[in-house]
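> 3D, please:
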Amino acid sequence: MWIFSRLFGIKRADKDAADETEAPKQAGDAIERAAQPLKIADLPEESDAYLRDTKWPPDPRFNRSFTVLQVFNQQGGLIRRICSAMPLSDEDLERYFLPAVWNVANFVHLLSASQDTHHRGYGGLFAHSLETALYAVNISKNKIFDFSEAPDVAFHNRGRWILACALAGLVHDVGKAVTDITVRTKQGEVWNPNEAPLGSWLEMHGRPEFTFSWNKDREYSRH
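You can find the predicted model right below:
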């Protein structure tokens, strides 16, 4: 699926990759331009507060198009906590985990995680994705995944399993952006999540103000 291949930074060289439409190709290029080399040392020590909306639920108003870096850094403290919890080197985290976090921030931008329950504020979906990733990491550290492997092999693979759990937690709800939510700019353009991540799409449209609404006919749990 194109969306997940881009979230995880998968490079495809097969026939499906060659058959991609021009719009997804442009969106992928936009991600690669935005995904500057990410360093743990550059993450804010504490999460920035300037994007947080304390209204629950938030007012149905048009929102400013923040950059992906601003959305990413707004959760810098939480991202640091996840990195610290994983038994991986900074090099591995910067190669495998941080780019996926960046791509999720780009994809969901300031969308909320639910209409009536948890994380209903602006940026709630990204915050919830990270919190679930941290929860998955902490749970996975108490699990044994390689019962049949030699102890040295199991130890070597432990970090990989924990990374896989972190990534699963990170993307577990991103489908809501595809199936449950409609995003519109002040000028009336409607975001198509199959063509570009929300952050890249807003950049391509000059970072206009936008609003989002929950689809009334959405199928529960389809995401």
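> buried residues, whatever helix or strand residue 211 lives in. List them.
Assignment of secondary structure by DSSP states H and E places residue 211 within strand 210-214. Residues of strand 210-214 classed as buried by neighbour count (16 or more other Cβ atoms under 10 Å): 210, 212. All C-beta atoms are positioned from the backbone trio N, CA, C, and that covers glycine.
> tell me the gap between it and the middle of its chain.
The chain centroid and the centroid of strand 210-214 are separated by 18 Å under Cα atoms, centre = their mean, to the nearest Å.
> next one: stretch 185-204
Worked out by Cα atoms, centre = their mean, stretch 185-204 lies 16 Å from the chain centre.
> next secondary structure after whichever strand or helix holds residue 104?
Residue 104 is located in helix 98-108, with elements delineated by DSSP H and E. Downstream of helix 98-108, the next assigned helix or strand under DSSP H and E is helix 124-140.
> next, find the distance separating residue 190 from residue 216.
16 Å (Cβ to Cβ, to the nearest Å).
> next: residue 37.
Going from residue 37 to residue 216 by Cβ to Cβ gives 42 Å.
> who's more crowded, those two?
Counted by other Cβ atoms under 10 Å, residue 37 and residue 216 do not tie: residue 37 has more neighbours, with 9 against 6.
> pretty sure the more buried one sits against residue 94.
Yes: look at residue 37 against residue 94 with Cβ atoms under 8 Å: they come within range, at 7.5 Å.
> just the C-alpha atoms of stretch 110-120, please, in CSV.
Only the C-alpha atoms of stretch 110-120 are listed here, as CSV (Å, rounded to 0.1, in the frame of the first residue of the first chain):
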residue,chain,number,x,y,z
LEU,A,110,-2.8,18.5,13.5
LEU,A,111,-5.7,16.1,13.1
SER,A,112,-7.4,14.9,16.2
ALA,A,113,-7.6,11.2,17.2
SER,A,114,-11.3,11.0,17.9
GLN,A,115,-14.5,13.0,17.7
ASP,A,116,-15.9,12.4,21.1
THR,A,117,-13.5,10.5,23.3
HIS,A,118,-9.7,10.6,23.7
HIS,A,119,-7.2,13.1,22.2
ARG,A,120,-9.9,15.3,20.6
